[in-house]
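Sequence below, structure please.
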Amino acid sequence: MIMKLRTTIWTLLAIVVLCSCNTGSTSREFAAAEIALDTEINNQSNPAKVETQIERKIIKEGEISFETSNLKETESLITRSVTEMGGYVANDNVFNSEGRTTHRMTTRVPADKFDLLLKTISESAKKLDRKTISSLDVTEEYIDVEARIKTKKELESRYKELLLKAETVQDLLAIEKEMGILRTEIESIEGRLRYLQDRVSLSSLTIEFYELTTSSFGFFSKLGRAFETGWNWLMAFLIGLIHLWPFILLVGAGLFVTFRFGKKKQAK
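Now for the predicted structure:
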């Protein structure tokens, strides 16, 4: 029944296009055909049934922070574990602050290896400060995007058939215009599908680990830094004055003239 309905729709569309010489009318028929095809495909698809036929699409992400006694050994463990699990390190940064050195890595591993990587790193941590795991179910969006791509591609194939049957230049140009718009929409939707596939297949784990430094920061060190800071401020002040030398010269000349004029007036 569905096949007969689809064949009837496109047969009528082909007849209207071949018999019409009006470009505006042709475009309206294309739009009507697209709506009819969308409605037909949506009516024959059962979302609940589709969801039972595929696995759930879950985007899993996590973040963990802990203290370590050796940064290099921990970094080597993480890199080796991620590589063995078929993943890779997406970002790698090191930060130095007073009293500690922090290493932050963003890793991506296959979704089925995410829990194993998290367990391996947690067990190696000297002191676990924070662990956050989040899961986002994108099954519904995934199914919707796949259905939209299927619908658009079926419509594109119909346009190709009509293109071969076009008899006038107006019909030919109208069909090519609609096909160009449709191809742009297909590429955009396919890009979204690739993004979802990448996020679902590879889970992200951000790992932050730090090592406390043992170097003391006593009175004499603070005193030395204070002298250094004061000297830098003094140099900056002098450089600022040099930049303002024309204004200083004018102010000095004005004060000198005022002072001399005042003395002469008092003498008289």
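
and Thr120, helix, strand or coil?
Classification of Thr120 by DSSP: H, G, I helix; E, B strand; the rest coil places it in helix.

That one and Thr107: what is the separation?
11 Å (C-beta to C-beta, to the nearest Å). Yep, even glycine has a C-beta here, placed from its N, CA and C like the rest.

Which of those two has more residues huddled nearby?
Neighbour comparison, Thr120 and Thr107: the larger count goes to Thr107, with 26 against 17 (by other C-beta atoms under 10 Å).

What about Leu193, how many residues nearby?
15.

how near is the nearest residue to it once chain neighbours are set aside to Arg158?
Closest residue to Leu193 apart from its sequence neighbours, by C-beta to C-beta, 6 or more residues apart in numbering: Val145 at 4.9 Å. Noted for Val145: a distance of 21 Å to Arg158, by C-beta to C-beta.

swap in Ala236?
Counting by C-beta to C-beta - Ala236 and Arg158 are separated by 73 Å.

higher neighbour count, the two?
Applying other C-beta under 10 Å to Ala236 and Arg158 shows that Arg158 carries more neighbours, namely 19 against 10.

which element is that one on?
Secondary structure from DSSP states H and E places Arg158 in helix 139-165.

Check which helices and strands that helix sits against.
Applying 3 or more C-beta pairs under 8 Å, 6 or more residues apart in numbering; DSSP states H and E, one finds that helix 139-165 contacts helix 2-19, helix 23-44, helix 47-53, helix 169-201.

what's the angle from it to helix 169-201?
160 degrees (axes from the mean of the first three to the mean of the last three C-alpha atoms, to 10 degrees).

Pull out the buried positions in helix 139-165.
Of all the residues in helix 139-165, those buried under the rule 16 or more other C-beta atoms under 10 Å are 139, 142-143, 145, 147-149, 151-152, 155, 158-159, 162.

residue contacts, the nearest residue to Glu146 once chain neighbours are set aside?
Distance criterion C-beta to C-beta, 6+ apart; nearest residue to Glu146, sequence neighbours excluded, is Leu193 at 6.8 Å. By C-beta atoms under 8 Å, 6 or more residues apart in numbering, the residues touching Leu193 are 142, 145-146, 149.

at 10 Å instead, please
By C-beta atoms under 10 Å, 6 or more residues apart in numbering, the contact list for Leu193 reads 141-142, 145-146, 148-149.

re the thing from before, could you tell me which residues touch both of Thr120 and Thr107?
By C-beta under 10 Å, 6+ apart, the residues touching both Thr120 and Thr107 are 78, 81-82, 85.

Can you tell me which of these end up in strands?
Secondary structure of these is defined by DSSP state E; no position falls in strands.

tell me which of those residues is nearest to Pro246?
Ile78 (59.3 Å; C-beta to C-beta).

Report how many residues lie close to the closest one.
Count around Ile78 with other C-beta under 10 Å applied: 22.

you'd agree it is up against Thr107?
Yes - between Ile78 and Thr107 there is a contact under C-beta atoms under 10 Å: 7.0 Å.

so what sits against both of those two?
89, 92, 117, 121, 205, 207.

Export these to a markdown table and append columns for pLDDT.
Below are these laid out as a markdown table (pLDDT from 0 to 100):
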| residue | pLDDT |
| --- | --- |
| Val89 | 94 |
| Asp92 | 92 |
| Leu117 | 94 |
| Ile121 | 91 |
| Leu205 | 95 |
| Ile207 | 95 |
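
Mind giving me the ChimeraX select for the residues you listed, buried ones only?
Applying 16+ other C-beta under 10 Å to the shared contacts of Ile78 and Thr107, the buried members can be selected in ChimeraX as follows:
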select :117,121,205,207
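
just checking, which of the shared contacts of Ile78 and Thr107 belong to helices?
117, 121 (DSSP state H).
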